[in-house]
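Q: A structural model of the following input is requested.
(2 chains)
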Amino acid sequence: MHSWKRWGGLRIKIIAWSFVPTAIILTMVALVGFYAYQQVTQDLTIQSSREVARLSAGQLAAELSGFSNTLTTLARTSSIYENNPVDQRAALAQASNRLVVFDGGVLILDHYGTVVAAQPARPEILGQDWSNRDYFRQLIRVPATVYSNSVNDGPGGAPVIVVAVPISNGRGELVGLLTGMFRVSATSVSAFYGTIVRLRIGVNDSAYLVDHNGLVFYHTDNEWIGQNLSAQPVVQQVNSGKADALRTRDPSGREIVASFAPVPGTPWGLVTEQSWDVLLAPGQRYFQSLFLLLVLGLVAPAVVVTVGVQRITQPINRLIVATQQVAGGNLGHTTTIQTNDEIEELGKQFNRMSAQLAASYAELQARAERFALVTQGTNDGIWDWDLKTDEVYFSPRWKSMLGYADDELANRLETWRGLLHPEDVEPVLTQLQAYLERRSPVYQIEIRMRHKDGSYRWVSARGGALWDAQGKAYRMTGSHTDITERKQSEDSLRQSEKRFSQVFRASPIPISITALADGRYVEVNDAWLRLFGYTREQVVGASSLGLNVWVEPDQRSKMIAQLQTTGAVRNFEHLARAKSGEVRDVLVSAEVIELSNERYNLSLVYDITERKQAQQELERRVAERTHELATLNSIAAVASRSLDLKEIFEDTLDKILQVMGMEFGAAYRIEPSPEDSSGQSQLNPMVYRGCSDESIRFMSSLPYAVSTFNNALEVAATGTPTVWEIKEAPRGIGLQHAMEEIGIQQVVTVPLTTKGKLVGVVNLATRKSRIVAPEEVALLAAVGQQVGIAVENARLYDQAEQSAALAERTRLARELHDSVTQSLYSVTMYAEAAQLLLTAGNHLTAAEHLRELRATAQEALGEMRLLIYDLRPLALAKRGLAEALHERLETVEARGGIKPELQVEGAERLSLAVQQELYHIAREALNNVIKHAHAQRVRVRLLISERSACLEIDDDGVGFDSIARRGGLGLAGMRERAQKIGGKLEIASAIGKGTQIKLEVPL
Amino acid sequence: MTDFHSLTRREFLRAAGLTAAGAALAACNAPVANSPSPAGKIQLVYRDWRTDWFPPMAQQLLDEFNATHPNLRVYYDLDPESSEFEEKSLADLQAGTAPDVFQGCCSFIPIWAQKGYLLDLRPYVQADLDRATIEDWDPVQYNSFFTRDGRQYALPKYHGALALYYNKDLFDQARVDYPNDSWNHADYLTAMQRLTQDSNKDGKTDVWGSMIDIGWERLQVHVNAWGGHFVDPNDPTQSRMADPAALQALEWIRARMWDDKVMATALDVQNKGTQEAFAAGRLAMVEDGSWALKGILTNANFRIGLAAFPAGPARRATLATTDGFGIFAGTKHPDAAWELVKFLISQEYGRAMAHAQFLQPARASLVDEWIQIVRAEFPAKTTDLNLAAFADGQRKGYSVIGETFSNQAEAQRLADAAWQQIFTLGQAPVEIIKDVSRKIEDAQQGFK
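A: Just a heads-up that it's a prediction; the model follows:
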């Protein structure tokens, strides 16, 4: 804001002329009002102070009357008014509690003024004449309550204030006076001062009481007590009986209002002093309010005028601001003025002008923007040539296309000409000249221009000219388009096509290009021609179907469909036919390519014919080998499962006849000849197929060495089967003849060996001789070894069975000798003895022997039953351990008079071997019960869980000392069997406590 | 228009605000600059009982206080007499001419507090008194100085408790066992009957079994012993005076005075107080407090005994007095008055009262010293005197304080009139209390 606007503006001028006179008038009125208010306040304050002093004096008098009443009450008692000093003193003493308020004491004066009694006692003044006391004289004159000035009548002459009341007798005659004294300047205990202080006179400033002599006996500041202020005007006035208030100054010079009033009924005056400022303090607030009103009286009009003026000047200022906005380029800026006067109309006109300016400018700007947008949008460089001045406008894009900033190239025609490629100068000038002379309808040419970095850029230049009336061009405008990339792409494409053609032709992989639409060959390479046996001339132009290449034409349709769907095919296998008619397995990978807007099939062909053949041969050989192994496994399974040699031989013979495709076969076991003590062996036919019984008997009669074409030792040593033709058979023994009779042409002898020893032979024969493959020979050799082992196992099993039978017979013999034989011997002895005793007539002893005989016979019977049971074959495999134990207990123990109990859970989970061992241990334990325990009951528990088997056997028999007896009773055998199956055997027994056996076997 | 309004409003408010602030500043500054300061010392008035012994003690102590507080001058106000203390003080309070500091007790100091005449001391207590000082006072007594709305209007002056004084000589003559702590009212009555005597056989009783000072708290103790109350403990506007327990207790006292005539009335002992009548040998027992101890010890010429107050049918109860110091709410110098109160509640002042009149100190820490003071002055009479009887209620937790209505002044006025008819004059049955109780409740209207 300019200073002239602040101080010389329209607003200030209006305010100055309208408000200042008003303010001056208001101030004058306020000053006059304030002066009047101050005068009234002072008058009221002084009047108020005077009244307060008067009222306070009256209140003090009323309070003091309480003291005089106390004295008056006492004075009216007979002991006082009967004027007997002795009684009076006693009465005072008795009333001492009530009189204690008179701290200066209480005296009684008779009507002559003589002191006659005192409380507290003051003997020194008794009898003194106090008739000269003012209070005495006053009371004599007027018999009523008298308050004295400060007098020195107190104890020890101390200054006191005296309150005196008359003592009148029953007839109303004055007989004396009763005085109470208050000490002046009492220190702490004082009813008099307490009463004054309680009235709170002058508590806000100061107050004092003076007697008629001007002596101060009370002051709010104790320091003043005792001072004489009789010279003070206010004291003189109050002692003259006036009650008033004066505005004056205290001794310190402070302006005060001194109010004074006489205390009614006393010679005293009460003076209060209050600070003038304090008194006016409430009035100050009113003055402040007045001042506030004055300020508001000035401010409010100022505000109103300011606001009013602002309502006028503000629209003008707003118009000025709007004008500044438009001048500053903010065209179209408007302002809102609603004053319903000329200013509002001025504003409307301004807004209209501003709008028109804005519209014109907007149109101009739109044109410029369109030109700029065209220039930017085309991405072309624009040039504008004034042919009269040769000045050329080159757009920034025109320059940046060549790597220059806008200010780096001068806008002259020479600039353009200097940047042309030397080879293009002449062609472009020629065409330009032709166009300007209107010999050519257009100016359009592709030229090269030098870039700032020294390279050349291809530019497509176009332009149009304006001609004057004389047909002379005066202005020409055009554009430059950068076509460098397009030119480079065209060059690259040509190079790429050349490289592809070289690769195509040189590739060892057969490649063909066929039209996707009709399968017509467009091009094939040399590898393709070699694969199919055609010449290029025969192929190009022909279709694949026409050349009958596809053995299965449907396959082509399938491949083409896939190719058109996905654009590519990988490893499509089909059969292709060569020119020679040979069919080849081929694998095709194809891709759709586009050449000259037409779609082609580029196929790479792999010949996989030989690979397929090799694969088929491999599969055949694997199948054969698998069959052979299956046969061998089948034979081995039978051989290992069975101990039955006949079953083994039958199974083996059947399978190898089937495998070898032969019609005759016989299996022999080599055994020592019973007739030959030299150990010469012979063939024992076990099984045969296709052969007659006669031929088998014939073969069996031959020494086995002969039957194996005299190469028995060789066969035994190598274990290798031998293939021989019938014509090679030993002659002279009828063998050859026998075979020829049934048409046998070829024989294969398979030795059965184990551990290098020949244990049998299998002969295979056929009427049709053929070559036996080495794989077949190997198979037969393996079969021979498997069966040989089976033969040896069977032999060893037979041998073991014979040994077991021998051992069992030995055991039976021992058992019979140890038990039954002994019992029968005893029976014989008892029988003989009984016979002798009966003969001798000793019947009692004979009867005793017969009872023993019966018992012994029963014992022998039990042992026999046990032996017979043990002789029975054990068939655990069929019936199981539980059934075997049950049968044992029912057969032996129950019949022997012992009550058996059996509990079995889960025995079916046990293997046969474990069942056998458990059974034998149980049997041994039960045998001991039968033989030695003399038990009434035996309990067998067999509990099988997933982890263990537990066998428990306990009886209630006589027991034995298990600690002392570590062996015998078959216990060692039981432990041995337990260890064999990994079990733990525990035996517990005591004399008379039965026996408990527990076996636990982990599973 | 929008611009005009916002601009002018801001400008207007700114101008108006500056103007108002200037005016307010001028208004504030004016009185401060011209404020006068009080001239001279601050003068205070202190009022306490005007007994024979108190002024000399106060004189000495206040002289010391004035000497140690040069800016204060305290005047002990001897007016009014003790008998007019309550009435005159109330008049001064109403007139605004009450002393700055005064003592109060009994049922009237709560009344003054209820009327708002007493300054709330809590700010001063919180600022100046430590926890140890407060805990040195009996909590029952300390807590009695709070109005129901929580204002604290006084602090303990001394600790007074009722006990049973008895005349050992009279007991021995009548061959009656001395009272003990297991006594109940039945024992009390039996003893009174045996001790009441007409010695000269003139048809008038010479020695009375016991005497009670007819007053609000003294009667209330017996009502409490019967399990009753004067005031509903949960609602100070509700009277319990007509409850059976209260009526039974009052009837028991009335019957002793007027039926059995074993308990003296004031008229029976020529309007003497309980203390004087007992000291004169007219009573075998008397229900009185520790404040009477020195008077009795001084004036009695017989062997004295002390026992805990007898138990009533429902419980045992004794009175803990509520004498305390308060400050007039209209004082012009509250801070100076508080300085004086602090001096009055000091150990020094308590110790002085114990020496002067055997007043049991309010501070527990001075009790042992108090006992020594008593025994030192009256070694013969206190040899086997059970001074601990005064502390029995406090120690065993059966002390009670005076119950007060919301409008206690009117309640007490109504009750006093009834007491006089029933007990002092024997002219009305106890049943009149029922009507009095209703009137008292009516008088509570508008009081909380």
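
Q: could you report the pLDDT at A:Ala877?
A: According to the prediction, A:Ala877 has pLDDT 65.

Q: flag every buried residue along stretch A:153-166.
A: A:Asp153, A:Gly154, A:Pro155, A:Ala158, A:Pro159, A:Val160, A:Ile161, A:Val162, A:Val163, A:Ala164, A:Val165, A:Pro166 (16 or more other C-beta atoms under 10 Å in any protein chain shown). For glycine as for every other residue, the C-beta is placed from the backbone atoms N, C-alpha and C.

Q: start and end of that stretch, how far apart?
A: Across stretch A:153-166, the terminal residues are separated by 18 Å (C-alpha to C-alpha, to the nearest Å).

Q: ok, it near chain B or not?
A: No: contact of stretch A:153-166 with chain B (C-beta under 8 Å from any C-beta of the partner chain) is absent, the minimum separation being 13.3 Å.

Q: quick one: mean pLDDT for that stretch?
A: 94.

Q: correct me, but A:Glu725 touches A:Val748?
A: No: between A:Glu725 and A:Val748 there is no contact under C-beta atoms under 8 Å: 10.8 Å.

Q: quick one: furthest residue from the center of chain A?
A: Farthest-out residue of chain A from its mean C-alpha position, per C-alpha atoms, centre = their mean: A:Tyr112, at 119.0 Å.

Q: now the stretch 351-500 of chain A against chain B: closest residue?
A: A:Asn351 (16.1 Å; C-beta to the nearest C-beta).

Q: which helix or strand contains that residue?
A: Here A:Asn351 sits within helix A:342-378, counting by DSSP states H and E.

Q: that helix: what's the following helix or strand?
A: From helix A:342-378, the next helix or strand downstream (DSSP H and E) is strand A:381-386.

Q: okay, now the closest residue to chain A within the stretch 201-350 of chain B: neighbour count?
A: Proximity of the stretch 201-350 of chain B to chain A (C-beta to the nearest C-beta) peaks at B:Lys332, 4.8 Å away. Applying other C-beta atoms under 10 Å in any protein chain shown, we find 15 other residues in the vicinity of B:Lys332.

Q: helix/strand/coil for it?
A: Look at B:Lys332: counting by DSSP: H, G, I helix; E, B strand; the rest coil, its state is coil.

Q: so for it, what's the pLDDT?
A: 92.

Q: ok, B:Asn34 next?
A: 27.

Q: can you check A:Ala807 too?
A: Value listed for A:Ala807 in the pLDDT field: 76.

Q: what about it, how many residues nearby?
A: When neighbours are counted by other C-beta under 10 Å, A:Ala807 comes out with 9.

Q: secondary structure element holding it?
A: Secondary structure assignment for A:Ala807, by DSSP H and E: helix A:774-815.

Q: for A:Lys998, same thing?
A: Using DSSP H and E, A:Lys998 falls in strand A:995-1002.

Q: and for A:Ala261?
A: Short version, using DSSP H and E: A:Ala261 is in strand A:255-262.

Q: that strand and chain B in contact?
A: No: Strand A:255-262 stays clear of chain B (C-beta under 8 Å from any C-beta), getting no nearer than 9.2 Å.

Q: strands paired with that strand, and their directions?
A: strand A:244-249 (antiparallel), strand A:269-275 (antiparallel) (DSSP bridges).

Q: and the pLDDT for residue 397?
A: No chain specified, so I'll use chain A. So A:Arg397 comes in at 87 (pLDDT).

Q: correction: the question concerned chain B.
A: 82.

Q: what's the closest non-adjacent residue to residue 70?
A: Reading this off chain A. A:Arg98 (6.0 Å; C-beta to C-beta, 6 or more residues apart in numbering or on different chains).

Q: chain B is the one I meant
A: B:Pro70's closest residue in space is B:Lys41 (C-beta to C-beta, 6+ apart), at 7.5 Å.

Q: count the residues that sit near the one you found.
A: By other C-beta under 10 Å, neighbour count at B:Lys41 equals 18.

Q: so the residue nearest to A:Thr70, which state does it fall into?
A: helix.

Q: pLDDT score for the residue in chain A that chain B sits nearest to?
A: Ranking the residues of chain A by distance to chain B (C-beta to the nearest C-beta) places A:Asp221 first, at 2.5 Å. A:Asp221 carries a pLDDT score of 85 in this model.

Q: residues from the stretch 251-400 of chain B in reach of chain A?
A: So far as C-beta under 8 Å from any C-beta goes, the stretch 251-400 of chain B lies against chain A at B:Lys332.

Q: which residues of the stretch 251-400 of chain B fall in strands?
A: B:263-264, B:285-289, B:304-307, B:318-319, B:324-327, B:399-400 (DSSP state E, counting those that start in this stretch).

Q: okay, the longest one in CSV with CA atoms only?
A: Extracted C-alpha coordinates of strand B:285-289, given in CSV (Å, rounded to 0.1, in the frame of the first residue of the first chain):
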residue,chain,number,x,y,z
MET,B,285,-21.5,-40.9,94.0
VAL,B,286,-21.7,-38.4,91.2
GLU,B,287,-21.4,-38.6,87.5
ASP,B,288,-18.9,-36.0,86.6
GLY,B,289,-15.9,-35.4,84.4
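
Q: which strands and helices sit next to that strand?
A: Here strand B:285-289 touches strand B:162-167, helix B:185-195, strand B:210-211, helix B:274-279, going by 3 or more C-beta pairs under 8 Å, 6 or more residues apart in numbering or on different chains; DSSP states H and E.

Q: can I get the ones you listed in TSV including mean pLDDT?
A: Shown next, in TSV, are those (pLDDT from 0 to 100):
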stretch	mean pLDDT
strand B:162-167	95
helix B:185-195	96
strand B:210-211	96
helix B:274-279	93
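
Q: which one of the ones you listed lies closest to B:Ser406?
A: Closest to B:Ser406 of those is strand B:162-167 (C-beta to C-beta; 25.7 Å).
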